[in-house]
Structures are given as C-alpha cells and as structure tokens.
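**Q** Output the structure for:
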Amino acid sequence: MRVLVLGATGFIGLPVAQALVRAGHVVHGLTRTAEKARQLQADEVIPIVGDYLEPAKWLTPSLVAKLDVVINVVGVEVRFKDPEADVRVIKLLVELVQQSRPIYAPKLSFIFTTGTILFGQDPTQVVNDTTAIPVENLPDFVKPFPNFEQQILQNPVLNSIVIRPGLLYGRTGSLTAGLFAQAKEGSTIKHYGAEGGRVGTIHTDDLANLYLLAAEKAQSVGGKIFAGVNDATESVDDILRTLVSISGAKGYEYREPTNDFESALATTRILRPYLGRTLLGWRPVKASLVDHLQIYFDAWKASQDSA
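**A** Alright, predicted model coming up:
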C-alpha cells in the first residue's frame with residue numbers, strides 16, 4: 001500500500017509510520033519542519049513538509065491519486081488552535097479524490113483519530129467499542145465530536161474508520177510525561193479528578209499496530225469505530241501510588257479540573273474493547289502501565305537526558 005500519515009512525527013504518528021514501513025508499505029509523512037523531515041527520511045518515510053492548517057499547500061491531486069490510505073493522527077493541540085482545520089483537510093481530500101481517482105477505483109481509506117473521552121464519563125458501567133453513549137453524558141467540549149465522527153464515517157467518497165486511543169504510555173511518555181516530570185522533581189504529584197478513577201491505557205507500540213491492521217484491512221472494516229486501549233482499564237490510584245513508590249516523590253493529590261484538557265484527564269470509565277480483536281486480530285502485547293511503570297519511567301528519563 002501507499003499511505004499518507006498526517007502528523008507523522010508525533011507521539012502516535014511516528015510509531016504508526018515506522019510500523020507501516022516495517023510491514024513493507026510505502027509511507028508519506030506530513031511534518032512541519034525540515035529537521036523533522038530528515039528524521040522521517042532516516043526512518044524510510046517520504047517526508048512532506050507543510051502546515052496541517054493550510055492543506056492546499058501540500059495536499060495535491062498527484063499525491064491523492066496514488067494513495068490507498070490516509071491516516072490522520074494530528075495532535076489535539078491543533079484542534080484546540082483551529083477547530084475547523086479537520087473540516088478543511090477532509091473537504092479538500094474529498095475534492096481531490098473526486099478529481100484524481102477513477103470512479104471504478106476502490107474508495108480511498110481514511111483513518112481518523114479522536115479519543116476515549118467519547119466513551120463518556122461513568123465510574124460504574126462497562127462500555128465497549130459499540131456502546132451507544134448519549135451525547136448529553138459527554139463533557140460539553142466534546143459533545144460535537146460524535147456527530148463529526150459520523151459525518152466522516154458516512155462520507156460517500158471515503159472509506160472511513162475512526163480510532164479512539166486511550167491514555168498513551170511508553171517511550172517519551174506522551175501525557176504520562178507530565179506525571180513523570182513531577183515525580184522526578186521529588187515533589188507531590190498532582191493529578192486531576194478524584195479517588196477511584198479508572199482509565200483505558202495503551203502502549204504506543206500496540207496502538208501503532210492497531211493503525212497498521214486497520215489500514216491493511218480497511219476495505220473490510222470501513223465505517224467502524226475502534227477503541228485503542230488494553231483489554232482492561234487501570235486504577236488511577238494504583239498508577240499514582242506506584243509512581244510515588246518508584247520515584248521518591250512525596251506523595252500524590254487530586255485537583256479539580258480548571259479547563260477542558262484537565263477535564264479530559266479526569267474522565268473515568270470502565271472500557272472493555274472487543275472490535276479490534278474480533279475484526280482485525282489485534283492483541284496488545286505490552287505490559288500495563290502500572291505493571292512495568294519502573295521501565296516506562298526509566299525510558300522517559302533516558303529520553304529527557306538524551307534530548
């Protein structure tokens with residue numbers, strides 16, 4: 001296959017691009033700087049230097065004509081900066097598909113990334129990939145997203161798939177880096193929410209494999225939403241207690257969220273995915289965040305020392 005990864009040097013995007021390359025696919029990767037473009041070239045990814053917010057400058061008919069799959073793993077900070085960016089990219093992609101691809105060709109597959117916060121806030125009920133979550137049970141700032149997901153999934157031009165990753169860990173840490181930084185300083189670790197929270201977690205390597213399988217089997221699983229998390233959620237209390245014990249931090253405490261990002265971190269749910277296993281044969285293999293927290297904490301520290 002020939003695949004375009006949008007956000008190819010990000011915490012999700014780079015492992016996804018590397019996994020696709022290892023599987024033998026031709027991979028193009030969008031990045032914003034020449035320096036990161038060289039990083040992609042070193043990983044055998046064909047770089048495209050451009051700003052996601054200005055798709056007309058890098059998304060061309062000649063590129064779209066030869067693609068099999070587009071994977072959008074652009075970071076959420078871009079959406080906070082410009083909520084209409086995804087709309088512009090998808091609109092242009094659809095226009096170029098209609099211009100450049102024969103009508104008898106299979107639909108271009110498009111994999112879009114949201115997040116497990118769209119499975120709602122509920123500390124007691126078990127939910128899965130296909131549970132119908134009432135929009136009124138979602139935090140206000142993500143209430144528009146289920147409808148947006150459906151607009152993408154029902155687009156008549158694209159063969160669309162949605163992946164909702166959970167709390168990422170491994171390598172340089174992603175959102176866990178904020179906790180690790182506090183622990184390294186030996187201070188009291190502060191986290192948002194309350195005792196008893198649970199969170200769906202996933203190692204970056206396992207998540208990359210989900211994107212790979214979804215891309216390779218996209219023509220069979222179009223229209224589906226996949227939860228990108230381990231088979232069982234983890235206790236936030238356990239994660240924080242373990243981090244204190246291995247790091248020498250003074251302890252931990254919970255704080256009330258003060259903005260949308262903090263509210264997302266505080267969201268708790270019991271999530272049991274099944275669709276990736278059933279339709280794609282996806283099975284995460286990495287140890288859970290709490291079970292190998294020492295290894296993941298040490299990996300994060302090493303990444304900081306070498307930066």
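
**Q** okay, now the closest residue in space to G276 that isn't next to it in sequence: neighbour count?
**A** Once flanking residues are discounted, G276 sits nearest to W282: 3.8 Å by CB to CB, 6 or more residues apart in numbering. C-beta: built from backbone N, CA, C; applies to glycine. For W282, the neighbour count with other CB atoms under 10 Å is 21.

**Q** quick one: contacts for W282?
**A** W282 makes contact with 209-210, 213, 276 under the criterion CB atoms under 8 Å, 6 or more residues apart in numbering.

**Q** Recalculate using a threshold of 6 Å.
**A** 210, 213, 276 (CB atoms under 6 Å, 6 or more residues apart in numbering).

**Q** Now do the lengthiest helix in the chain: distance to the chain's middle.
**A** Using DSSP state H, we find that the single longest helix of the chain is helix 85-100. Put simply, helix 85-100 sits 21 Å off its chain's centre (CA atoms, centre = their mean, to the nearest Å).

**Q** Neighbouring strands of the next helix or strand after that helix in the sheet, and parallel or not?
**A** Downstream of helix 85-100, the first helix or strand assigned by DSSP states H and E is strand 108-113. As defined by DSSP bridges, the strand partners of strand 108-113 come to strand 69-72 (parallel), strand 158-165 (parallel).

**Q** Most tightly packed of these?
**A** Among the strands paired with strand 108-113, the stretch with the highest mean neighbour count (mean count of other CB atoms under 10 Å) is strand 69-72, at a mean of 26.

**Q** CA atoms only for it, dumped as CSV, please.
**A** The C-alpha trace of strand 69-72 is given here as CSV (Å, rounded to 0.1, in the frame of the first residue of the first chain):
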residue,chain,number,x,y,z
VAL,A,69,-4.9,5.1,2.8
VAL,A,70,-4.7,8.4,4.7
ILE,A,71,-4.2,8.2,8.4
ASN,A,72,-4.9,11.4,10.4
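
**Q** For the lowest-mean-pLDDT helix or strand in the chain, could you pull out the residues that count as buried?
**A** Every helix and strand in the chain was compared by mean pLDDT, DSSP states H and E; the lowest is helix 76-81, with a mean of 77. In terms of neighbour count (16 or more other CB atoms under 10 Å), helix 76-81 has its buried residues at V78.

**Q** what's in contact with it?
**A** For helix 76-81, using CB under 6 Å, 6+ apart, the contacting residues are 52, 85.

**Q** I'd like the distance from that helix to the chain centre, please.
**A** On CA atoms, centre = their mean, the centre of helix 76-81 falls 13 Å from the chain's centre.

**Q** ranges for the helices of the protein?
**A** Secondary structure of the chain by DSSP H: the helices cover 13-22, 34-42, 61-65, 76-81, 85-100, 145-153, 176-184, 204-216, 218-221, 236-247, 260-266, 275, 293-306.

**Q** beta partners for S235?
**A** On the basis of DSSP bridges, S235 is bridged to R198.

**Q** per-residue confidence for it?
**A** With respect to pLDDT, S235 scores 97.

**Q** P106 now?
**A** Looking at P106, its pLDDT reads 94.

**Q** From L279, how far out is it?
**A** Separation of P106 from L279 (CB to CB, to the nearest Å): 18 Å.
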